[in-house]
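**Q** turn this into a model:
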Amino acid sequence: MDKPYTYCEEDWYVGPCNRTDAEHALHLVNKDGAFLVRDCSINTNSEPLVLVVYHEKKVYNVKIRFFEATRKYALGTGQRSNDMFDSVAEIIKFHSIFPITLISGRNTAGSKCPENCVLTCPITEKDVVQLLQ
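**A** From the prediction side, this is the model:
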């Protein structure tokens, strides 16, 4: 398997971290635009990672998909955007300039209204460990 794992060297990549810990850490940071990238719990070739973003007191988990045929990455389900990227780092760089559209999967009043957020505050593995102590 020669999937490009260059994201492993990035500060915002925290590796294996469960959803609960990632969400808790971001709630403790309590800063709009705070984000990290963690391994997906199902961790398949097609869905290897999750982008976790804090915005307006909510945490959003957005799957990062990998397309073997094109060697490209994309966010979410593909229903809202067909943006494709050569690397996970390109996704992060793009959305540090252009807002990412966040939609809550939880059934709360008004949760289907999309939120827009720019990725501004990378959270590192070291940050997560310190926050969860």
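**Q** excluding chain neighbours, give the residue nearest to Asn30 in space.
**A** If you skip the residues right next to it in sequence, Asn30 has Tyr54 as its closest partner in space, 7.4 Å away by C-beta to C-beta, 6 or more residues apart in numbering. Placement of C-beta: from N, CA and C, glycine included.
**Q** next, the buried residues of the helix or strand where Ala25 lies.
**A** Assessed by DSSP states H and E, Ala25 sits inside helix 19-29. The neighbour-count check on helix 19-29 (16 or more other C-beta atoms under 10 Å) flags Asp21, Ala22, Glu23, Ala25, Leu26, Leu28, Val29 as buried.
**Q** do the same with stretch 91-104
**A** Buried, per 16+ other C-beta under 10 Å, within stretch 91-104: Ile91, Ile92, His95, Ser96, Ile100, Thr101, Leu102, Ser104.
**Q** which of the residues you listed lies closest to Lys72?
**A** Distance to Lys72 across the buried residues of stretch 91-104 (C-beta to C-beta) is lowest for Ile91, with 10.2 Å.
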